[in-house]
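In: Starting from these lines, generate the structure:
(4 chains)
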2 protein chains.
Amino acid sequence: MSQGEPGIELDTSLGYMLKAAASALHSALEAVLRPLGMTITHYSCLELLAQRPGLSNSELARGAFVTRQSMNVLLQALERQGLVVRPAQAPVGRALPTELTARGRRQLKVASAAVRRVEQDMLANLNAGEQDQMRRLLTACIASLTEPPASAT
Amino acid sequence: MSQGEPGIELDTSLGYMLKAAASALHSALEAVLRPLGMTITHYSCLELLAQRPGLSNSELARGAFVTRQSMNVLLQALERQGLVVRPAQAPVGRALPTELTARGRRQLKVASAAVRRVEQDMLANLNAGEQDQMRRLLTACIASLTEPPASAT
DNA sequence: TGACTCATGTCAGCAGTCTGACATACCTTT
DNA sequence: AAAGGTATGTCAGACTGCTGACATGAGTCA
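Out: All right, here's what the predicted structure looks like:
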């Protein structure tokens, strides 16, 4: 099938390119996490808990960009594996603050290093200024997509 | 649960921000495509076929960032719905060149307008120069992720 | 205080995508 | 010409994440 084709050229669409970049990152992450027996969401959950101990299921879900139902399933699995712990009863409201166990921290340590490597690969050809610029641009895109109520008043 | 929280601040990680942006775009696209009875991959497939008539199943899969198995399932559905057509036999090799039907083109037209609106929303606060810069940056990231063989010789 | 609203946790069912596997067709290389 | 390698199409099973729904707890407002 026209094997030498250099690739599809919808390449003027930033939406398409964003999807392409995210897909490439996703694949790269999967590739390094699979040997560790972890999925991306699994890793994301642990990383979130390391940086923000005590996050609830719903907060973890938002942070990992999945529904709270999906995160709930994952958390139950992580709990069974002894990677995280949750109190049997909510100290306040219904939210159950989750914490990493020592075992969870150990597993995260290995995964985190691998993920950092992937991210560094991705940014290998970008200097500090370009990385800053990229943060600005992505932030602007996210903001525009999440607060469109700012259009008609 | 600390409801007023401005959001998690792993915000120095470009990998995380890229995922966040892609997720926001994904949600926005889903929101406008669902009322049309289409998924994002469904739309992507039609859009690819409009711009590159005759693409094979495998090529469509690569263009839509899914496996060829997934695209195969989708194509069979689209064929049943009369949105695309494929020859019963491959003119060359095993690849079946797919084409949009008039009905497929009609459906795409509506969806495409909605998607374009979403993309314009996303880029609302970026001028032409910034959009160009973003293309460059994303392209660099994709390249670095997909051709890491350039590390050790 | 009581009604309303919102956020949360959780269960059940469903949809989309993936992995694994196999057969076929073309292009090398020997 | 034969053999190996690669790309493709397709079937089957499994998994992940999502939607829908319900109950509980906290804050808000009349």
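
In: Three-state assignment for A:G129, please.
Out: helix (DSSP: H, G, I helix; E, B strand; the rest coil).

In: and it, what pLDDT?
Out: Here the pLDDT value assigned to A:G129 is 97.

In: Then A:Y43?
Out: Predicted confidence (pLDDT) for A:Y43: 97.

In: A:P6 too?
Out: With respect to pLDDT, A:P6 scores 34.

In: Kindly report the same for A:A152.
Out: Turning to A:A152, the model gives it a pLDDT of 45.

In: Ok, A:R94 next?
Out: Here the pLDDT value assigned to A:R94 is 89.

In: same check, this time on the one 5 residues further on
Out: Looking at A:E99, its pLDDT reads 96.

In: what sits opposite it in the beta ladder?
Out: Taking DSSP bridges as the rule, A:E99 bridges to A:V85.

In: correct me, but it touches A:P87?
Out: No - contact criterion C-beta atoms under 8 Å: A:E99 and A:P87 do not qualify, at 9.0 Å. For every residue, glycine as well, the C-beta is placed using N, CA and C.

In: out of the two, which sits in the busier spot?
Out: A:E99 (13 against 10; other C-beta atoms under 10 Å in any protein chain shown).

In: Tell me who's in contact with the more buried one.
Out: Neighbouring residues of A:E99 by C-beta atoms under 8 Å, 6 or more residues apart in numbering or on different chains: A:49, A:53-54, A:84-86.

In: separation between it and A:A90?
Out: For A:E99, the distance to A:A90 equals 14 Å [C-beta to C-beta, to the nearest Å].

In: And the helices in chain A?
Out: Secondary structure of chain A (DSSP state H): helices located at A:14-33, A:40-51, A:57-64, A:68-80, A:102-122, A:128-146.

In: any chance of those helices in JSON lines, with mean neighbour count too?
Out: Below are those laid out as JSON lines (neighbours: other C-beta atoms under 10 Å in any protein chain shown):
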{"stretch": "helix A:14-33", "mean neighbour count": "19"}
{"stretch": "helix A:40-51", "mean neighbour count": "21"}
{"stretch": "helix A:57-64", "mean neighbour count": "21"}
{"stretch": "helix A:68-80", "mean neighbour count": "16"}
{"stretch": "helix A:102-122", "mean neighbour count": "16"}
{"stretch": "helix A:128-146", "mean neighbour count": "17"}
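
In: can you redo these as CSV with distance to chain B?
Out: CSV is the format used below for these (distance: least, C-beta to the nearest C-beta, whole Å):
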stretch, distance to chain B
helix A:14-33, 3
helix A:40-51, 6
helix A:57-64, 5
helix A:68-80, 12
helix A:102-122, 4
helix A:128-146, 4
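
In: Out of the ones you listed, which gets nearest to B:L29?
Out: In terms of C-beta to C-beta, the element of those nearest to B:L29 is helix A:14-33, at 7.9 Å.

In: Can you pull the residues of chain A lying near DNA strand C?
Out: A:30, A:56-59, A:68-69, A:72, A:75-76, A:90, A:93-96 (C-beta under 7 Å from any atom of the strand).

In: ok, which pair from the residues you listed is furthest apart?
Out: The largest distance within the residues of chain A next to DNA strand C, taken as C-beta to C-beta, falls between A:E30 and A:G93 and amounts to 35.2 Å.

In: just for chain A, where's the confidence low?
Out: Low-confidence segments of chain A (pLDDT under 70): A:1-9, A:148-153.

In: dump the residue contacts of A:L123.
Out: A:131, B:14, B:141, B:144.

In: and if we set it to 7 Å?
Out: Neighbouring residues of A:L123 by C-beta atoms under 7 Å, 6 or more residues apart in numbering or on different chains: A:131, B:14.

In: Could you check how far it is from DNA strand D?
Out: Using C-beta to the nearest atom of the strand, to the nearest Å, A:L123 is found at 24 Å from DNA strand D.

In: With A:G54 instead?
Out: Counting by C-beta to the nearest atom of the strand, the gap from A:G54 to DNA strand D is 16 Å.
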